[in-house]
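Undergrad: Just to be clear, the model below is a prediction. Sequence and coordinates:
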Amino acid sequence: MPDGFVPPPESDHLLAARLLHKIRLRHLTCFVAVAQERNLGRAAERLHLTQPAVTKTLNELESLAGTRLVDRGRHGARLTPAGEQFLRHAVEVTDAMESAASALAGAGAPSAPIRIGALPTVASVLLPTAISRLHARHPDVGVRITTGSNDVLLAAVRAGELELALGRMAEPVALQDVTFELLYTESLALIVRPNHPLATAAGPMSMPVVLEYPLVVATTGTVPRHHTEVLLQRHGLHLPAGCVETLDITVARTLTRRGDAVWFTPERVPQTDLDDGTLVRLPQPTPGTAEPVGLFRRTLTESPSATEELVAILRELAAE
């Protein structure tokens, strides 16, 4: 080779062909596990491997790709932009292999449960009835529910950990490789027990009077909490000291039923309690607090028929 000769750069086509020849399923399985677990140790446990083996496999993949896919540090494992882009394709391949393996195992093999995510303030609205209707038609279909914040749910859907999630509309930048389908909108409501002193009022109460009672509100950083603060700011008020901050619906419901607490919550959350009369809604206007709620799903990804049927049931319930 003559001195100073620089070989021409490898074309995208040739690079893709070389990677296709050298990348193995173990590379993809390892990468997806690390991306979903966000921790090399947990990924190793999930794959029944040692952590050094996971690190070695990940290093091999990054060497083949010629770029770093995962940043590893004390805070766990985080995907680089290149890793985020690669993840969607890797998940599709591993999902396809799992489906193929299930098909080869025979029709008698139990199907994997539908993996659903939901915000705590959304999980109790449509999901229980939807699952009951699904089980009435397909009693052998399992469902695995995970609750979390919007950001956590979006990351899980994007990583293929969840097939769908019920959450609140996110900023467009957060919807990379994820679609959002509107199911319904809901506003904030003020909820109390039926014999609460405020429940006897014929019309809206002065907001300072409401704040004289214990408050149950959503935690900081959530949409319901933001709307609660904005609502109070319109009255020139702020949340007082001593509030109970929780996303646990059972805790909020119990505190409201058993005492004088006023629960600031999205209006559909306590619907069962309102229907059976164990809680009532104060006639307090909450303008400007409407928020879209809907389905998050991975873009251009085919789902099993049972998942599609559950989605169809959720749409039906939202339209009722």
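TA: Looks like it arrived, so ask away. Just so you know, these numbers come straight off a predicted model, no measurement behind them. Residues are numbered from 1 along each chain as shown.
Undergrad: just checking, next helix/strand downstream of the helix or strand containing Trp263?
TA: If you go by DSSP states H and E, Trp263 is part of strand 262-266. On the C-terminal side of strand 262-266, the nearest following helix or strand under DSSP H and E is helix 271-276.
Undergrad: Report all helices and strands that that following helix contacts.
TA: For helix 271-276, there is no helix or strand it packs on, judged by 3 or more Cβ pairs under 8 Å, 6 or more residues apart in numbering; DSSP states H and E. Bear in mind the C-beta positions are built from the backbone N, C-alpha and C, glycine included.
Undergrad: How far does it sit from its chain's centre?
TA: Remark: helix 271-276 is offset 26 Å from the chain centroid, using Cα atoms, centre = their mean, to the nearest Å.
Undergrad: Next: stretch 207-225.
TA: With Cα atoms, centre = their mean as the basis, the mean position of stretch 207-225 lies at 24 Å from the chain mean.
Undergrad: Quick one: end-to-end distance for that stretch.
TA: 17 Å (Cα to Cα, to the nearest Å).
Undergrad: With stretch 133-149 instead?
TA: 26 Å.
Undergrad: What strands flank the strand holding Trp263, and is each parallel or antiparallel?
TA: Strand 262-266 has the following strand partners under DSSP bridges: strand 188-192 (antiparallel), strand 215-217 (parallel).
Undergrad: Gly76 versus Arg68, what's the distance?
TA: 15 Å (Cβ to Cβ, to the nearest Å).
Undergrad: re earlier: now tabulate the strands paired with strand 262-266 in a markdown table and tack on mean neighbour count.
TA: Below are the strands paired with strand 262-266 laid out as a markdown table (neighbours: other Cβ atoms under 10 Å):
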| stretch | mean neighbour count |
| --- | --- |
| strand 188-192 | 23 |
| strand 215-217 | 21 |
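Undergrad: now these as JSON lines including distance to Leu47?
TA: Compiled in JSON lines, the strands paired with strand 262-266 are given as follows (distance: least, Cβ to Cβ, whole Å):
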{"stretch": "strand 188-192", "distance to Leu47": "44"}
{"stretch": "strand 215-217", "distance to Leu47": "41"}
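Undergrad: Would you mind putting the ones you listed into a markdown table with mean pLDDT and distance to Asp151 alongside?
TA: A markdown table is the format used below for these (pLDDT from 0 to 100; distance: least, Cβ to Cβ, whole Å):
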| stretch | mean pLDDT | distance to Asp151 |
| --- | --- | --- |
| strand 188-192 | 97 | 21 |
| strand 215-217 | 97 | 20 |
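Undergrad: what about the ones you listed, which gets the closest to Ala43?
TA: Ala43 lies closest, by Cβ to Cβ, to one member of these: strand 215-217, at 36.9 Å.
Undergrad: Contacts for that closest one next, please.
TA: Strand 215-217 is contacted from outside by 224-225, 228, 239-240, 242-246, 252, 255-256, 261-265, using Cβ atoms under 8 Å, 6 or more residues apart in numbering.
Undergrad: Now intersect those with the helices, please.
TA: Using DSSP state H, the members of the contacts of strand 215-217 that fall in helices are 224-225, 228, 252, 255-256.
Undergrad: What segments of the chain are strands?
TA: 70-73, 76-79, 114-118, 143-147, 164-168, 178-186, 188-192, 215-217, 244-245, 262-266, 280-281, 291-298 (DSSP state E).
Undergrad: Quick one: closest of those to Asn39.
TA: strand 76-79 (4.7 Å).
Undergrad: Can you tell me what sits against the closest one?
TA: If you take Cβ under 8 Å, 6+ apart as the criterion, strand 76-79 is touched by 34-35, 37-40, 43, 69-71, 87.
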